[in-house]
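Trainee: Next input, structure requested:
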Amino acid sequence: MKNKTDDLLTQMKEGAALTKAQRFRLVLTLSIPAILAQIASVVMGYIDAAMVGRLGAEASASISLVSSSTWLFGGMSGAVASGFSIQAAYHIVAGALRGAGDTLVPSIMNFGSIWLVRLPLAVFLTGKIGLEGAWIAMCLELCFRGTIFLIRLYREKWMKQPVVRRDD
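Mentor: Take a look at the predicted model:
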């Protein structure tokens, strides 16, 4: 499996197009360390609880406090990292589409995403949880917009746009 992954990475470096199956295999292979890290974290939580549980109720309570705090911090860090990744992907893809001359559809996607996702979500969530709802709606909409832009880039319809050249 290592050789296949190395071959795929070499193909990517050389600019060769990868098939969907090759891309899926590469993503799966590269995600295995993160999956194993999550499994190890859960197992360590169980081991901590089992070891400290023998020391009494106060020690067990401290493990609960630490494990839930660690989970909260890790979850929030992961969410922020995902949000930044999607936002960065959105800006990169939007720039690539703009540079390729594909501006009409991305403009419609921006308009639709804001008016059909962000604003209704903001109205709904603000009524339920207050001002935080507006921020949550904005984050969800940005994730949605980044995802639809990546889908547009992945489907390669933008490549059919005529390229406009300036004669200097």
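
Trainee: and whatever helix or strand residue 146 lives in, how far from the chain's centre?
Mentor: Per DSSP states H and E, residue 146 falls inside helix 131-155. Relative to the centre of its chain, helix 131-155 is centred 10 Å away, using CA atoms, centre = their mean, to the nearest Å.

Trainee: now stretch 59-77
Mentor: 24 Å.

Trainee: any idea of the angle the host helix or strand of residue 40 forms with helix 131-155?
Mentor: In the assignment (DSSP H and E), residue 40 maps to helix 20-53. Orientation check (axes from the mean of the first three to the mean of the last three CA atoms, to 10 degrees): helix 20-53 against helix 131-155 gives 140 degrees.

Trainee: quick check: domain ranges of the protein?
Mentor: According to automatic domain parsing, the chain is divided into the following domains: 1-54, 77-161.

Trainee: Which strands and helices lie in contact with the helix holding residue 146?
Mentor: helix 57-99, helix 104-113, helix 119-129 (3 or more CB pairs under 8 Å, 6 or more residues apart in numbering; DSSP states H and E). No exception for glycine: its C-beta is placed from N, CA and C like everyone else's.

Trainee: among those helices, which is nearest residue 23?
Mentor: helix 57-99 (15.2 Å; CB to CB).

Trainee: Where does the prediction get shaky in the chain?
Mentor: Applying pLDDT under 70 to the chain flags residues 1-5, 8-9, 12, 67, 82-87, 89-91, 96-102, 157-168.

Trainee: In contact with residue 132, which residues?
Mentor: residue 125 (CB atoms under 8 Å, 6 or more residues apart in numbering).

Trainee: how close does it get to residue 37?
Mentor: 30 Å (CB to CB, to the nearest Å).

Trainee: Now residue 64: closest residue in space, sequence neighbours ignored.
Mentor: residue 49 (7.9 Å; CB to CB, 6 or more residues apart in numbering).

Trainee: Next, count neighbours for the one you found.
Mentor: As a burial measure, residue 49 scores 14 neighbours (other CB atoms under 10 Å).

Trainee: didn't it look like it was pressed against residue 62?
Mentor: No. In this structure, residue 49 is not within contact of residue 62 by CB atoms under 8 Å, at 10.8 Å.
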